[in-house]
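Student: Give me a 3D structure for the following:
(chains A, B, C and D)
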Protein chains: 2
Amino acid sequence: MAQLRREDVLAGALDLVDAEGLDALTMRKLAASLHVQAGALYWHFDCKRALVDAMAERLAAGVGGPVATGGGTWDEQLTELAVRLRKALLAHRDGARVVTETACAAGGANTLLVGRTSTELLITAGFPPEQATWLTFALIHYVLGQTMGEQARAEFAARGGPGTAQAATASEEEGNEAYRRLRASAQSADPDEQFAYALSVFLDGIKHRLP
Amino acid sequence: MAQLRREDVLAGALDLVDAEGLDALTMRKLAASLHVQAGALYWHFDCKRALVDAMAERLAAGVGGPVATGGGTWDEQLTELAVRLRKALLAHRDGARVVTETACAAGGANTLLVGRTSTELLITAGFPPEQATWLTFALIHYVLGQTMGEQARAEFAARGGPGTAQAATASEEEGNEAYRRLRASAQSADPDEQFAYALSVFLDGIKHRLP
DNA sequence: ACCTGAACACCGTTCAAGT
DNA sequence: ACCTGAACACCGTTCAAGT
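Tutor: The predicted structure is shown next:
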């Protein structure tokens, strides 16, 4: 076995998360999968957090790149950007959680680039810089939240989590049960369709607000 | 010291999170703060996850309640609902994380009620049930994401996290640095204003999509 | 019914010492 | 430069035994 490169650690971490989920990502398990002792990983990464940050950067690679392939309008390009981000998050198990944990506070070059590209599109469209960044944040947070919820449901289904707190009073529970069914049926629909719909609604709002 | 009630454990957990953040919430620390052994907590809660679920339920209490206080229009009521949710999340440190970890997959009676109320408002407004639930999800995910980002930044500032992955090439870093400044200045503005703006834009989109 | 004491099977991280 | 071995200071969870 050749010497371990930082690159190999990153790839091993992604593989482990894909195979067992983010909660199973452990420095010790990762080390074992790379046939190395746990301490060895700290030569390549300062701490676990730095490793997860690097994973987020890897996931976001390319997403913020140029969008003007077909010379579409700015709102088509913004839609394309959101769809690319979502696709990137879905490419790996728990991908949205990986990016959210890191991007909300710090954010590396690739995750920053996504926000930057969106903001530039909105400024070009005519928004003041401040509003452009606000709408960018809203858009990215929506994509992250929606996709995280989707993946969380997948994890929940895969494992079968513990019960849901406790029961409420009978009357409340009755109405909520009806809503639960409605929600479940709505979610059995194509998640991509759901995402595309809400995204287009938000973009409609942005278009109508254009100064 | 009287006997420990489930209620006391919940209150102690909320206090601990407020004082030290969600990452510091540990069954052992919580037990110590209640002057009890760690194992004792498992009499009141099946596992840590169940405790956090109960915390989320507590945070969401009342948010989904009736909104028609002033007889406003449906979109005013929906705005009020979103504002109430946000306020509830901000009432406790890491509140958005607490609710997100639990609500994305399972969801207790109170968290369900928020979605139910929103969906009913949109159905009353004229949306088909399926679209009403989709827009509800989008709205809630936006509120959760935006607030979580805000609180994550607060945590980051309070502690000073580890560095941001690694440097990119000089040209990339230059443009991103400019964006980073823009973003920072936009975020130094009032978060409530930022939230209200993006929320009204999304609601504009919803109004224009009304069948 | 409610809690203690003590254990089990893990964690992330550090660091001398090896090669 | 890169890794091992072994430790340190923690975790969540379980469970006999006490009261």
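Student: drop to CA atoms for contacts and neighbour counts, all remaining ones
Tutor: Noted.
Student: helix/strand/coil for the most centrally placed residue in chain A?
Tutor: With distances taken as C-alpha atoms, centre = their mean, A:Ala96 lies nearest the centre of chain A, 2.5 Å away. Reduced to three states with DSSP: H, G, I helix; E, B strand; the rest coil, the structure at A:Ala96 is helix.
Student: how close does it get to DNA strand D?
Tutor: As judged by C-alpha to the nearest atom of the strand, to the nearest Å, A:Ala96 and DNA strand D stand 23 Å apart.
Student: what's the answer for A:His35, then?
Tutor: As judged by C-alpha to the nearest atom of the strand, A:His35 and DNA strand D stand 6 Å apart.
Student: Need the phi and psi values for A:Gly21.
Tutor: phi 90, psi 160 (degrees, to the nearest 10).
Student: I meant A:Gly108, not that one.
Tutor: A:Gly108 adopts backbone torsions of phi -90, psi -170, taken as degrees, to the nearest 10.
Student: Run a quick neighbour tally on it.
Tutor: A:Gly108 has 23 neighbours, counted by other C-alpha atoms under 10 Å in any protein chain shown.
Student: Isn't the residue nearest to the centre of chain A up against A:Leu90?
Tutor: Yes - contact criterion C-alpha atoms under 8 Å: A:Ala96 and A:Leu90 qualify, at 7.3 Å.
Student: any residues in contact with both of the two?
Tutor: Counting by C-alpha atoms under 8 Å, 6 or more residues apart in numbering or on different chains, the residues touching both A:Ala96 and A:Leu90 are A:Thr147, A:Gln151.
Student: Please work out which residues outside stretch A:21-32 touch it.
Tutor: Here stretch A:21-32 makes contact (C-alpha under 8 Å, 6+ apart) with A:9, A:12-13, A:16-17, A:37-38, A:40-41, A:48, A:93-94, A:98, A:155.
Student: filter those down to the ones near DNA strand C?
Tutor: Residues of these in contact with DNA strand C (C-alpha under 7 Å from any atom of the strand): A:Ala38, A:Ala40, A:Lys48.
Student: Contact partners for the first one?
Tutor: Looking back up the chat, that one is A:Ala38. Per C-alpha under 8 Å, 6+ apart, neighbours of A:Ala38: A:Met27, A:Arg28, A:Leu30, A:Ala31, A:Ala32.
Student: The lengthiest helix in chain A vs DNA strand D: in contact?
Tutor: Longest helix in chain A, counting residues (DSSP state H): helix A:129-159. No - on the criterion C-alpha under 7 Å from any atom of the strand, helix A:129-159 is out of touch with DNA strand D, staying 13.7 Å away.
Student: That helix - contacts with which helices or strands?
Tutor: For helix A:129-159, the packing partners by 3 or more C-alpha pairs under 8 Å, 6 or more residues apart in numbering or on different chains; DSSP states H and E come out as helix A:74-90, helix A:95-103, helix A:109-125, helix B:129-159, helix B:170-188, helix B:191-209.
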